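Enquirer: Mind folding the following:
(2 chains)
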2 protein chains.
Amino acid sequence: MSQRQIKLGAFLMETGHHIAAWRHPHAHAAAGLDFAHYAELAQIAERAKFDTIFFADSVGVRDTDLASLSRTARADHFEPLTLLSALSAVTRHIGLTATVSTSFNEPYNVARKFASLDHLSGGRAGWNLVTSSSETEAHNFSLDRHFDHALRYERAREFYDIVTGLWDSWEDDAFVRDKESGLYFDPAKLHTLNHRGKHFKVKGPLNVARAPQGWPVVVQAGASEAGRELAAQTAEVIFVAHQTLEEAQSFYRDVKGRLARYGRHPDDLKIMPGIFPVIGRTQEEADEKFEALQALIHPVVGVSLLSKMAGGVDLSSYPVDGPVPDLPETNGGKSRQRLLLDLARRENLTIRDLYLRIAGARGHQQVVGTPQSIADQLQQWFEEGAADGFNIMSPWLPGGLVEFAAHVVPELQRRGLFRTEYEGTTLRQNLGLRRPPNRHAIERSANAHALADAG
Amino acid sequence: MSQRQIKLGAFLMETGHHIAAWRHPHAHAAAGLDFAHYAELAQIAERAKFDTIFFADSVGVRDTDLASLSRTARADHFEPLTLLSALSAVTRHIGLTATVSTSFNEPYNVARKFASLDHLSGGRAGWNLVTSSSETEAHNFSLDRHFDHALRYERAREFYDIVTGLWDSWEDDAFVRDKESGLYFDPAKLHTLNHRGKHFKVKGPLNVARAPQGWPVVVQAGASEAGRELAAQTAEVIFVAHQTLEEAQSFYRDVKGRLARYGRHPDDLKIMPGIFPVIGRTQEEADEKFEALQALIHPVVGVSLLSKMAGGVDLSSYPVDGPVPDLPETNGGKSRQRLLLDLARRENLTIRDLYLRIAGARGHQQVVGTPQSIADQLQQWFEEGAADGFNIMSPWLPGGLVEFAAHVVPELQRRGLFRTEYEGTTLRQNLGLRRPPNRHAIERSANAHALADAG
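Expert: Okay, here's the model as predicted:
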């Protein structure tokens, strides 16, 4: 298979990505803490040959607007590493990617858990490295306020160096396990990290053998300047949100263009924008499905979403079917506030109209159409330099994922754009990413060459 | 079932508890990172109706004596919470107990992971709360040295309060999930912890619904004065090491005697000493099995174990089949050093003889015999106030556990001392521990009564 193909992630979230998904007539409203629900989703995605399932995360109840939060299924859910570990036992091929914050964890624990998951799953672990942006999470970790943006990224960079350093503690062939002589491992192939940096001191070594993938796949999602730069240095997959082809192409060019500076090849990093697909046999059916979901958004939830998007102004005292008022200036999100207001004025939208515009995919590309038209759009983005693959954010689960697997995946396969069998046994192999060699084995080999030259 | 019965834990560790287990002819030497090995063990224990499987843990490679460490299977293993999460998917009844340190983790993360495991497993999670005693672990967590003993326990106590407080964030009936009205949860039943203590500030609430067990079962293993006191306040199970009936009875009396001070009933805490059983059809066969394992201890490993037990003196320069030399005084473990030396002199032991005495069960009760004689001893400890159950430390795995399940468990069942079916669906129910009510629901109910009285 030499043709470049689309990579697919299944971004799983409780009953689905639409904010009102839990109210869908066929949704299992308690799915957020039902393992059987996630086992079913992972198996659907695996049968459809997705590269990976993916979980976002926050270490706290981020939304403090209880009136709105209590009308969503977003307040409670599984911790992703425990969930993915359990899912490793009921899947065989699909990647298992979880979000873990560098701001609210210790690097030794993170290195260890992902190495452990990689061993449990035979090489299918992915770590979505985030720095966490919310103050409410910081308050759960003995901090009065969160680290500044720059500091967060500085810590993240050091954190990454420690984690990957620990992943190289053991050379791949360190374990000889010779019952006869009694030697279990070769002590020369165990390495102590001895990291002493600005934010962390971590001696090592890791108490887990080198992972089947060498290193679990490193994923990122930051879109800021600091986020792009960290990704260019360290990420192997980027999940990102774009609304338009042009925006996605510009991001793709920019980030891929940064790689050479760090000695990396454009293929060493896969860029996978999120898409929110609503699938119908006809365009009309797709539109109707979307409208039916939209109608389930409780006005309290919709107005709260809009208020946050408009930079924190409180719109709850205005009539929901009346005009959008002139918004008072706030500190947060001025340009987004201006965009929203312009849109409302231009199209003469009510508050309800406006929140319905933003409540669906929340920043990701929303595609409402037939399997063919959705495949057309994915193909265009893939072929015109906007994406290496996509992270599929089904509006409701399992229904939306079932439909994507049954109708869009076969359409992509017919076009030769997606695999019909997994290429390898590890996430890294399926994504077409090289396995990082162990740094100490490289040194050993360099030393051996030097000795041979000297001899 | 009104007769009091023995509780059983299966303490799993790589290829087994004997230090040379990995060299056993039938041992799978690479089992430490083989999920199928642990799935088999958990299923054996579950078929035998064990209450729980149990994993010890350290967050580092604790042993720095590489010559010895490299001849054991102790340097690398799964991280226990990821492993137990995976095992939750291939078991249905057995408890899943993992060790997690209060010294090298954040309480929010620990509360969350165990709540998540409890949901994944339908109420089978247990947390073995340890404070970690080794300096080498501290060096992996930006500490130059570990917290002092007293400080470790002070932090642990506060850590426990936070974790259990977070576990009460949601009342049991908070989630209404009413699709019609659009209300997912009742905001009045979500509670913010707002903990501000000496060591931690944790706001909460937890982003996981209340666990099926209310709180996962809290296990401890500390035997020091501070450890006993913390256990009396907070533990529901104690795993402990005793060599003699008298020692075990004295510990049992002491700890159970402390409970009343904290308003607890003796049955609220189950004391389960570790036992290391070597099982034969005859006493001779059991003895031979044990000797065969002992013969596999590499002298470098045996001498290193003895050196550590003797307070850190280096015995590696003395002939292993020569007499035990007079030991120079050291700071660590003086009384243990004296005991070892007295034993060696009294019985005229060589260095090899002496390390063989201590290398087997390492402090736990070693029972080498027939299923009947082992059951006799368990029965005696159970009936004479030394134990509520036992943590079975099989010398090698899976063999030793298979034999215990096939021969000792049925013998205990014949005597009416052990269940033939699980009593409940949760670990807590099987152990006979009450489900903790949610503190806020208690308040609510108290307020309702007060109002009724006032009315």
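Enquirer: Based on its surroundings, how many neighbours for whichever residue of the stretch 351-455 of chain A sits closest to chain B?
Expert: In the stretch 351-455 of chain A, the residue that lies nearest chain B is A:Trp396 (12.3 Å; C-beta to the nearest C-beta). C-beta here means a position set from N, CA and C on the backbone, and glycine is covered the same way. Neighbours of A:Trp396 under the rule other C-beta atoms under 10 Å in any protein chain shown: 26.
Enquirer: tell me which parts of the stretch 301-450 of chain A are close to chain B?
Expert: By C-beta under 8 Å from any C-beta of the partner chain, the residues of the stretch 301-450 of chain A that approach chain B are A:Val301.
Enquirer: residues in contact with the closest residue in space to the residue of the stretch 351-455 of chain A closest to chain B that isn't next to it in sequence?
Expert: In this structure, A:Trp396 finds its nearest non-sequential neighbour in A:Gly16, 3.5 Å apart by C-beta to C-beta, 6 or more residues apart in numbering or on different chains. By C-beta atoms under 8 Å, 6 or more residues apart in numbering or on different chains, the contact list for A:Gly16 reads A:22, A:24, A:27, A:394-397, A:399-400.
Enquirer: just checking, which of these belong to helices?
Expert: Judged by DSSP state H, helices contain the following of the contacts of A:Gly16: A:399-400.
Enquirer: can you list the domains in chain A?
Expert: Domain assignment for chain A, taken from automatic domain parsing, gives A:7-280+A:370-440, A:285-359.
Enquirer: Quick one: distance of the top helix by length along chain A to the chain centre.
Expert: As assigned by DSSP H, the longest helix anywhere in chain A is helix A:149-167. Relative to its chain's centre, helix A:149-167 lies at 18 Å (C-alpha atoms, centre = their mean, to the nearest Å).
Enquirer: Does anything pack onto that helix? Which helices or strands?
Expert: helix A:107-120, strand A:125-130, strand A:195-196, helix A:225-234 (3 or more C-beta pairs under 8 Å, 6 or more residues apart in numbering or on different chains; DSSP states H and E).
Enquirer: Would you mind writing the CA trace of that helix as CSV?
Expert: Extracted C-alpha coordinates of helix A:149-167, given in CSV (Å, rounded to 0.1, in the frame of the first residue of the first chain):
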residue,chain,number,x,y,z
HIS,A,149,0.5,30.4,29.5
ALA,A,150,4.3,30.7,28.9
LEU,A,151,5.2,28.9,32.1
ARG,A,152,2.7,26.1,31.3
TYR,A,153,4.5,25.5,28.0
GLU,A,154,7.9,25.7,29.6
ARG,A,155,7.0,23.1,32.1
ALA,A,156,5.4,21.0,29.4
ARG,A,157,8.6,21.0,27.4
GLU,A,158,10.6,19.9,30.4
PHE,A,159,7.9,17.3,31.3
TYR,A,160,8.1,15.8,27.9
ASP,A,161,11.9,15.5,28.0
ILE,A,162,11.6,13.7,31.3
VAL,A,163,8.9,11.3,30.2
THR,A,164,10.6,10.4,27.0
GLY,A,165,13.9,10.1,28.9
LEU,A,166,12.3,7.7,31.3
TRP,A,167,10.8,5.7,28.4
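Enquirer: avg pLDDT for it?
Expert: Across helix A:149-167, the average pLDDT comes to 96.
Enquirer: just stretch A:21-40 next, same as before
Expert: 96.
Enquirer: what do you get for stretch A:263-278?
Expert: On average, stretch A:263-278 scores 97.
Enquirer: Report the buried residues of it.
Expert: A:264, A:269-278 (16 or more other C-beta atoms under 10 Å in any protein chain shown).
Enquirer: Where do the helices of the stretch 251-400 of chain A begin and end?
Expert: Ranges of helices within the stretch 251-400 of chain A are A:283-294, A:299-309, A:334-347, A:351-359, A:371-383, A:399-403, based on DSSP state H, counting those that start in this stretch.
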